[in-house]
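Undergrad: got a sequence here, can you model it:
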Amino acid sequence: MRPGGDVRPLGISLSFARRRLSCRKSVSVAGNNFEVRERKIILLLCLLAAVHVFIFAAAFPFFNNVDEQIHFDLAVKYSQGRLPRALEPVSDEAVHYIILYSSLAYVGIAPNYPDGQFPPPPWTQPLAKIRPALVAEMAAWRTVPNYEMAQPPLYYSVAGAWWQTGKMLGFDGGHLLYCLRFLNLVVIIALVWLGYFAARLISPGNIFLRLGVPALIAFIPQTAFYSINNDVLSPVCFGMAFICLIKFLRAEFPNVRLGIFTGLALAATFLTKISNLPLLAVSALVILFKAAQLAQTGKFRATLSSFFALVVCAGLPILLWLAWCKYIFGDFSGTAAKIQFLGWTHKPFAEWWHHPIFTLHGFWVFIHGLLATFWQGEFLWHRQPMAWPAANLIYVLASLVFVAIALLNLLPRSKNSLAPQRQALRLGFACFAAAVAFLGFLSLIYDFQDCFYPSRAHPYFTSGRLMLGALIPFLLLFVHGLDRALKNFGNVVKFSVLAGFILFMLATEIAIDWPVFPNPYNWFHM
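TA: Numbers count the residues shown, from 1 in each chain. Here you go, the predicted model:
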């Protein structure tokens with residue numbers, strides 16, 4: 001070997017190593033900077049979502065046509081520590097707020113009132129002038145039963161605690177009412193974060209999916225988020241459950257902590273809204289599938305404690321509430337008393353198949369109404385739906401087209417997505433499809449008699465808010481379908497199309513809801 005022959009190779013090696021280390025540090029720093037920027041974008045979306053909900057929740061007066069008085073009364077009852085024991089009348093505390101702050105603009109028509117105008121807000125009038133009317137209204141309301149008394153308790157417990165907190169902070173009158181409605185700001189912020197977390201979990205390398213899902217959540221024009229109701233908590237609870245289920249499916253050995261979190265999230269989903277049952281049914285099938293998969297590979301015994309924790313944490317709260325409903329209301333779901341109050345009756349099985357939903361026109365009426373209200377909600381204004389037919393059609397067609405594209409790319413032979421991503425998105429579709437099927441099934445089995453909605457003339461459950469629990473799974477499919485539809489274009493084009501869709505949502509929402517802003521009953525006029 002030549003003298004010093006080993007020095008040059010060593011110098012070259014050290015130089016090369018330094019360059020590689022420098023490159024790795026640069027990549028690491030760049031990656032960290034990108035992640036920081038992404039989190040700042042999500043924080044901005046959270047802020048914009050809160051502002052969006054605040055403006056519209058403040059613009060809409062109390063109390064809307066989607067049973068807001070009834071949900072408010074339940075929140076007040078829970079704030080007083082009163083568990084439901086029957087279809088009790090509306091409480092005196094709730095009646096006080098209802099008669100003082102109720103606007104007639106939702107279901108009333110101005111020409112039906114003196115001088116063709118709605119009466120001014122009672123709180124702006126001298127008490128001596130309005131006292132007789134208030135006394136009469138209070139007596140009437142005390143005879144109205146709260147037919148939602150058997151609704152699961154989670155939302156009302158949270159809302160009741162929020163109501164008491166508002167009192168302690170010094171809010172009163174109409175400002176205390178709006179304080180309760182503004183609980184939805186916390187809900188929408190949590191939902192944006194969950195949407196981002198779910199998208200990142202499913203497709204960590206796809207920035208369009210990671211940012212597209214929370215962006216749509218932030219600006220969705222769903223009026224349920226501008227109201228006091230238990231539907232708004234469903235997407236948060238099942239969003240957490242959906243994330244836990246994905247982790248449970250992917251884990252080689254699901255641990256006890258994951259089992260506990262999954263079980264509690266599923267229990268919270270049930271204890272929020274009875275219409276979340278189809279989501280729990282899909283979740284149960286997923287858990288059984290995972291158990292069978294582990295059993296085939298001989299790993300089930302090692303994960304038995306995790307499954308036990310999941311079943312106990314999910315099953316025990318659910319069973320306790322079912323037992324309570326059976327004891328108090330006479331049936332496990334607690335819905336029999338409400339159905340009787342509304343006058344519905346069960347159809348004989350043979351009559352189910354005569355339902356118009358089995359015709360092409362009837363099915364379109366059902367799916368069109370369901371998807372349109374899933375995006376926009378169900379508020380009326382002067383007895384007319386707060387929606388444009390053209391906007392409804394765009395929401396419905398976009399939903400059907402992009403979900404269909406997503407499903408085509410989830411076929412077993414598709415090379416456009418990885419197996420874990422396909423598994424998660426298939427689970428999302430199963431959840432959304434189960435929610436749709438459940439409302440279709442409810443449309444079949446009842447004769448709605450003289451009920452206003454659903455009715456014999458329109459025998460469909462087309463309340464999209466009843467399946468808001470599937471919001472995150474649906475938007476994952478929607479954005480994935482949009483991503484695949486624009487696969488030949490770069491992110492600039494994709495984000496431009498998404499921004500265009502969001503601008504469409506905002507522009508149509510502002511145009512449709514603009515008549516509510518001058519209403520003298522809303523927060524801006526207090």
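Undergrad: touching, residue 228 and residue 66? I think so.
TA: No. Using CB atoms under 8 Å, residue 228 is not in contact with residue 66; the gap is 9.7 Å. (C-beta placed from N, C-alpha, C; glycine too.)
Undergrad: more neighbours: which of the two?
TA: Between residue 228 and residue 66, counted using other CB atoms under 10 Å, residue 228 has the larger neighbour count: 30 against 21.
Undergrad: the least confident helix or strand in the chain by mean pLDDT: what's the following helix or strand?
TA: Least confident element among the helices and strands of the chain, by mean pLDDT, DSSP states H and E: helix 7-59 (a mean of 75). Once the chain leaves helix 7-59, the next helix or strand it forms, by DSSP states H and E, is helix 68-79.
Undergrad: all strands of this protein, in order?
TA: For the chain, strands defined by DSSP state E occupy the ranges 345-346, 380-381, 384-385, 446-447.
Undergrad: now, of those strands, which is deepest in the fold?
TA: Across those, averaging neighbours per residue (mean count of other CB atoms under 10 Å) puts strand 380-381 on top, at a mean of 18.
Undergrad: what's the burial count for the residue nearest to residue 45 when sequence neighbours are not counted?
TA: Among residues not flanking residue 45 along the chain, residue 218 sits closest, at 4.6 Å (CB to CB, 6 or more residues apart in numbering). If you count neighbours by other CB under 10 Å, residue 218 ends up with 24.
Undergrad: verify the contact between residue 218 and residue 44 for me.
TA: No. Applying CB under 8 Å as the test, residue 218 and residue 44 come out as separate, 9.1 Å apart.
Undergrad: and stretch 330-343, what's buried?
TA: 333-335, 337-338, 342 (16 or more other CB atoms under 10 Å).
Undergrad: cool, and stretch 456-464?
TA: Using 16+ other CB under 10 Å as the test for burial, stretch 456-464 gives 459-464.
Undergrad: quick check, residue 85 in contact with residue 325.
TA: No. Judged on CB under 8 Å, residue 85 makes no contact with residue 325 at a distance of 11.2 Å.
Undergrad: more crowded one of the two?
TA: Just comparing residue 85 and residue 325: by other CB under 10 Å the higher neighbour count belongs to residue 325, 21 against 11.
Undergrad: and the closest residue to the more buried one other than its chain neighbours, what's its pLDDT?
TA: The spatial neighbour of residue 325 that comes closest, neighbours along the chain excluded (CB to CB, 6+ apart), is residue 334 at 3.7 Å. Per-residue pLDDT puts residue 334 at 86.
Undergrad: pLDDT weak spots in the protein?
TA: 1-32, 34, 413-417 (pLDDT under 70).
Undergrad: the domain parsing of it - what is it?
TA: 68-181, 231-342, 344-370+388-526 (automatic domain parsing).
Undergrad: coming back round to it: switch the strands of the chain over to TSV; also include distance to residue 192.
TA: Formatted as TSV, the strands of the chain follow (distance: least, CB to CB, whole Å):
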stretch	distance to residue 192
strand 345-346	41
strand 380-381	28
strand 384-385	27
strand 446-447	36
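Undergrad: identify whichever of these lies nearest to residue 129.
TA: strand 380-381 (27.5 Å; CB to CB).
Undergrad: which residues does the closest one contact?
TA: Applying CB atoms under 8 Å, 6 or more residues apart in numbering, the contact partners of strand 380-381 are 65, 105-107, 386, 515-516.
Undergrad: list buried residues within the residues you listed.
TA: 65, 105-106, 386, 516.
Undergrad: give me the subset of the buried residues of stretch 330-343 that lies in helices.
TA: 337-338, 342 (DSSP state H).
Undergrad: can you show me the helices along the stretch 301-450 of the chain?
TA: Using DSSP state H, counting those that start in this stretch, the helices of the stretch 301-450 of the chain run over 304-329, 336-342, 360-376, 389-408, 419-445.
Undergrad: need those helices in CSV (columns: distance to residue 59).
TA: Shown next, in CSV, are the helices of the stretch 301-450 of the chain (distance: least, CB to CB, whole Å):
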stretch, distance to residue 59
helix 304-329, 35
helix 336-342, 30
helix 360-376, 15
helix 389-408, 18
helix 419-445, 29
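Undergrad: out of the ones you listed, which gets nearest to residue 131?
TA: It's helix 336-342; of these, that one is closest to residue 131 (CB to CB) at 31.3 Å.
Undergrad: put the alpha carbons of the closest one into PDB.
TA: Output of helix 336-342 as PDB, limited to C-alpha atoms (Å, rounded to 0.1, in the frame of the first residue of the first chain):
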ATOM      1  CA  ALA A 336     -92.700   4.900  22.200                       C
ATOM      2  CA  ALA A 337     -94.100   7.900  24.200                       C
ATOM      3  CA  LYS A 338     -92.900  10.400  21.600                       C
ATOM      4  CA  ILE A 339     -94.400   8.300  18.700                       C
ATOM      5  CA  GLN A 340     -97.700   8.100  20.600                       C
ATOM      6  CA  PHE A 341     -97.600  11.900  21.200                       C
ATOM      7  CA  LEU A 342     -97.000  12.600  17.500                       C
END
